[in-house]
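K.L.:
compute the structure for the input listed below.
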Amino acid sequence: MIGLFCFALAVLASPFKSKVRLEAENVVLRHQLNVLRRRPRGRVRLTNHDRWFFIQLYRWFPAILKVLAIIRPETLVRWHRAGFRCCWRWKSRPHGGRPQIDTELRVLIQRMSMENPLWGAPRIHGELLKLGFEVAQSSVAKYMVKRRGPPCQGWRTFLHNHAPDIAAMDLLVVPTIGFDLLYVFIIVRLDRRDLAWINVTTNPTAKWVARQLTEAFPWDGAPGYTIRDRDRIYGTVVTRRLRAMGIRDKPIAPASPWQNAYAERLIGSIRRECVDHVIVFSERHLRHLLLCYMKYYNGTRTHLSLGKDAPVSRAVDRAGHILCRPILGGLHHGYARI
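P.N.:
You can find the predicted model right below:
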């Protein structure tokens, strides 16, 4: 009943429509019949010519949306928008001129600008010329990473520049078989995480610690700064010795062991990889074990922070027979090619 009513309204309104509009609607209706005759069964398949035909009529006569039956009006509008984008993409295609820069070169420019925040376009452009890339300086400036503030270094770069001149020291306690306590004094350098000094005593004093500092660092190779906790053992004698060696003393805040993280991490490694697996008989025994571990730690053991390298850098062996060498009685092993 509703369909019949709509048909009657369309017949009554047809005399008031323009002749061109009526012809457009008739053409659309006739073409829909042709499409349905091509495939009497199953889903209607529209070709690109059919889509182009409906889109062109829609551009000239938008009112044909009312007589479309085999497709939805939203579908026709979507086709029209997609055709509009394709048209302008074709009109905006490059017509010669300066050749485009390869993706690899653009990525390299962005990488260089990110890794070197103090470099500008002229500096990066000069580096690219030395690498064999023929590119204009304006193109380099175009593809550089844009920064809001002035160029500055990151915290990682800042710490790496100062780490070679910083050392950390601390003490750990190891019980013996007779329940006596032995004190181990360690010094670690922050740049390569190398264990610079290790020694054992039964009665640590300020004079003993000062003597260890003198033996650990030559006068011409001492670090500029040392990090330590606020133990009473670091008394006036130690501070004077540090000052005489040209080392600036930097004690951490009270009850803040995380501020001496490198030394604490090394102490944890010594416990987990050495002293927790042996029973110490005497001071001499512990000193021998720790010196063996120090040699293993500096020359053989790989570190994540050093890119899987040892503090004393190891060369990569690619040829030869693999030889296994036990360390600390077989607690660890070293591997090398011969």
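K.L.:
for the residue nearest to Arg192 when sequence neighbours are not counted, grab phi and psi.
P.N.:
Leaving out its chain neighbours, the residue that sits closest to Arg192 by Cβ to Cβ, 6 or more residues apart in numbering is Pro311, at 4.5 Å. Backbone N, C-alpha and C define where each C-beta goes, glycine included. With angles defined as degrees, to the nearest 10, Pro311 sits at phi -50, psi -40.
K.L.:
right, and Pro311 touches Arg193 too?
P.N.:
Yes - between Pro311 and Arg193 a contact is recorded at 5.4 Å, counting by Cβ atoms under 8 Å.
K.L.:
overlap in contacts of those two?
P.N.:
Counting by Cβ atoms under 8 Å, 6 or more residues apart in numbering, the shared contacts of Pro311 and Arg193 are His303.
K.L.:
show the model's pLDDT score for the residue nearest to Arg192.
P.N.:
Pro311 carries a pLDDT value of 92.
K.L.:
residue contacts, it?
P.N.:
Arg192, Arg193, Asp194, Leu195, Tyr297, Asn298, Gly299, His303.
K.L.:
what helix or strand does the residue lying closest to Leu46 once chain neighbours are set aside sit in?
P.N.:
Spatial nearest neighbour of Leu46, chain neighbours left out: Val35 (6.7 Å); criterion: Cβ to Cβ, 6+ apart. Per DSSP states H and E: Val35 is located in helix 19-38.
K.L.:
before we move on, what about Val209?
P.N.:
Val209 belongs to helix 206-216 when elements are defined using DSSP H and E.
K.L.:
would you mark the buried spots in that helix?
P.N.:
Neighbour counts over helix 206-216 (16 or more other Cβ atoms under 10 Å) mark Ala206, Trp208, Val209, Ala210, Gln212, Leu213, Ala216 as buried.
K.L.:
can I get those residues in a markdown table including distance to Pro73 and pLDDT?
P.N.:
Output for the buried residues of helix 206-216, formatted as a markdown table (distance: Cβ to Cβ, whole Å; pLDDT from 0 to 100):
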| residue | distance to Pro73 | pLDDT |
| --- | --- | --- |
| Ala206 | 91 | 94 |
| Trp208 | 92 | 95 |
| Val209 | 88 | 95 |
| Ala210 | 91 | 94 |
| Gln212 | 88 | 95 |
| Leu213 | 87 | 93 |
| Ala216 | 85 | 93 |
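K.L.:
could you export the residues you listed as TSV, including distance to Trp258?
P.N.:
Output for the buried residues of helix 206-216, formatted as TSV (distance: Cβ to Cβ, whole Å):
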residue	distance to Trp258
Ala206	25
Trp208	27
Val209	22
Ala210	26
Gln212	24
Leu213	24
Ala216	24
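K.L.:
all set now, cheers.
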